[in-house]
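K.L.:
compute the structure for the input listed below.
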Amino acid sequence: MINAVTALEHLRTGNQRFAAGLRSPATLLSHAQRAELAAGQEPFAVILGCSDSRVPAEIVFDQGLGDLFVIRVAGNIVAPSQVGSVEFAVAQFGTRLVVVLGHSQCGAVCATVEQLQRPTGDQSRNIRSIVDRIRPSVEGLLATELRHQPEALMQQAVRANVRASVNHLRHGSELIEELIEHDGLLIVGAEYSLATGIVDFFTGVPETG
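P.N.:
Okay, the predicted model is just below:
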């Protein structure tokens, strides 16, 4: 299994291809390759992303079957099932890169901001459970001047939510903490731009040079 830094570079270059309207021939499986994958998988990265239909991780990173272990949930939140899914991948497959992938104009984050600004009681308890997990990471922003700047508020809220999910994964599991400390596991946060197709890795990325 490749290390976290190499895996991150694979994702960067794949996203560059996607944003440029290109595609690697390696992402197109032959019948023989599909048969090989039926016997087992070795994903080089775990992606915890949003369920938004416009942000399919395999496509935006130009990867094929078997390359990514993808967990999708509205608002890229971290609940016990997401932690367990990450634990499974890093322990079972030896994957050493985890990316929390948020995106611009995230509906779940927008719903949380709206609920904080104009509370209503008509949300289902299931939707409210998502909002409640996003709430702590964004409500502090409403105490700043950003509350008067809706576009900037949303931009900062999306990134604050990603950072919160990254932090939760880093410190919400003894197994994950152990692998970070002793076995090269890296957890980073990123934001996908719906407008440009570009993924910006903005938190937890190791310095180079």
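
K.L.:
next secondary structure after the one helix or strand Glu114 maps to?
P.N.:
Counting by DSSP states H and E, the element that carries Glu114 is helix 107-117. For helix 107-117, the following helix or strand on the C-terminal side (DSSP H and E) is helix 125-138.

K.L.:
helix or strand: which one has the residue lying farthest from the centre of the chain?
P.N.:
Of all residues in the chain, Ala32 has its C-alpha farthest from the mean position, at 30.6 Å, by C-alpha atoms, centre = their mean. Here Ala32 sits within helix 31-38, counting by DSSP H and E.

K.L.:
residue ranges with poor pLDDT in this structure?
P.N.:
29-31, 208-209 (pLDDT under 70).

K.L.:
can you give me the strands in it?
P.N.:
Taking DSSP state E as the test, the strands found in the chain are 45-49, 68-72, 97-103, 186-192, 199-203.

K.L.:
just put these in a markdown table and tack on distance to Glu145.
P.N.:
For every residue, glycine as well, the C-beta is placed using N, CA and C. Shown next, in a markdown table, are these (distance: least, C-beta to C-beta, whole Å):
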| stretch | distance to Glu145 |
| --- | --- |
| strand 45-49 | 30 |
| strand 68-72 | 34 |
| strand 97-103 | 23 |
| strand 186-192 | 22 |
| strand 199-203 | 22 |
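
K.L.:
could you dump these to TSV with mean neighbour count and distance to His148?
P.N.:
Compiled in TSV, the strands of the chain are given as follows (neighbours: other C-beta atoms under 10 Å; distance: least, C-beta to C-beta, whole Å):
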stretch	mean neighbour count	distance to His148
strand 45-49	26	30
strand 68-72	22	33
strand 97-103	27	23
strand 186-192	23	23
strand 199-203	17	24
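
K.L.:
these: which one's closest to Phe88?
P.N.:
Evaluated with C-beta to C-beta, those place strand 68-72 nearest to Phe88, the distance being 8.4 Å.

K.L.:
contacting residues around stretch 149-160?
P.N.:
102-106, 109-110, 112-113, 137-138, 140-142, 146-147, 189, 191, 202-203 (C-beta atoms under 8 Å, 6 or more residues apart in numbering).

K.L.:
do that again at 10 Å, thanks
P.N.:
50, 75-76, 102-106, 108-110, 112-113, 116-117, 134, 136-142, 144-147, 189-192, 200, 202-203 (C-beta atoms under 10 Å, 6 or more residues apart in numbering).

K.L.:
PyMOL command to pick out the buried ones of these?
P.N.:
To isolate the buried ones among those in PyMOL, judged by 16 or more other C-beta atoms under 10 Å, type:
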select buried, resi 50+75+76+102+103+104+106+108+109+110+112+113+116+134+137+138+139+141+146+189+190+191+192+200+203
